[in-house]
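Peer 1: below are the sequence and a predicted model; questions follow.
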Amino acid sequence: MEFKFTEENLKKIEEVLKKYPEKKPAVMPVLYIAQEQNGFISGEAMAEVASVLEMTKEDVLGVVTFYTMFHQKPVGKYHLQVCTNVSCMLRGGYRIYDYVREKLKIENGGLTEDNLFSLEEVECMGSCGTAPMIAVNEDFYENLDLEKVDQILESLKQKN
Ligand code: FES
């Protein structure tokens, strides 16, 4: 589906670009604006970001695939990123990941039917000292056990 930045977002991008001596280093905030507008970074959104920043689409793709905060397909209102890297794994990260998977009945990359939750198994998110952890959108939940995971999921459901 075609993607063009809204007038409002083009103005935001103009403001972002003022902070950088050249366009390319603004790729992260501009991608973030694209994701906010579109819900995820589609191929068309990537092409638009590349065009606005005078970059190649491949360079933009490299950034999108490197950072777990950018999504290449639709995600739920609550995007759960469960870390299973070493520190989290040693402290039950896989138990938590499997628990969330079974509880929500979705696999890695999946989205619940009500579009409320999506799940992603991720590498270290820099919160190893408080492992195991999950991120829900931008919020980190740390030192988790299955009971706490239940409470988090329930409280998110209650909000809707
Ligand atoms: S290993 Fe999970 S946050 Fe670092």
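Peer 2: Received, thanks. Because the structure is a prediction, the values reported are computed rather than measured.
Peer 1: next up, the contacts around the residue nearest the centre of the chain.
Peer 2: Centroid check for the chain by Cα atoms, centre = their mean gives M69 as the closest residue, at 3.3 Å. Contact analysis of M69 by Cβ atoms under 8 Å, 6 or more residues apart in numbering lists Y32, E138. All C-beta spots, glycine's among them, are computed from the backbone N, C-alpha and C.
Peer 1: now do K24
Peer 2: Going by Cβ under 8 Å, 6+ apart, K24 touches L53, E54, M55, D59.
Peer 1: surely the second one meets E22?
Peer 2: What it means is E54. No: if you go by Cβ atoms under 8 Å, E54 and E22 don't touch, sitting 9.0 Å apart.
Peer 1: the chain against the ligand: which residues are in contact?
Peer 2: Counting by Cβ under 6 Å from any ligand atom, the chain comes close to the ligand at C83, N85, V86, S87, C88, C124, M125, G126, S127, C128, A131, M133.
Peer 1: now these as a markdown table including pLDDT?
Peer 2: Formatted as a markdown table, those follow (pLDDT from 0 to 100):
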| residue | pLDDT |
| --- | --- |
| C83 | 97 |
| N85 | 97 |
| V86 | 97 |
| S87 | 97 |
| C88 | 97 |
| C124 | 94 |
| M125 | 93 |
| G126 | 94 |
| S127 | 95 |
| C128 | 96 |
| A131 | 97 |
| M133 | 97 |
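Peer 1: quick one: which of the contacts of K24 sit in helices?
Peer 2: L53, D59 (DSSP state H).
Peer 1: biggest separation within the contacts of K24, which pair?
Peer 2: Farthest-apart pair in the contacts of K24 is E54 and D59; separation 10.2 Å (Cβ to Cβ).
Peer 1: so those two - more neighbours on which side?
Peer 2: D59 (15 against 9; other Cβ atoms under 10 Å).
Peer 1: pLDDT value on T68, please?
Peer 2: In the predicted model, T68 carries a pLDDT score of 82.
Peer 1: ok, the nearest residue to it once chain neighbours are set aside - contacts?
Peer 2: Closest residue to T68 apart from its sequence neighbours, by Cβ to Cβ, 6 or more residues apart in numbering: V122 at 5.1 Å. V122 is in contact with T68, Q81, V82, C83, T84, N85, A135, counting by Cβ under 8 Å, 6+ apart.
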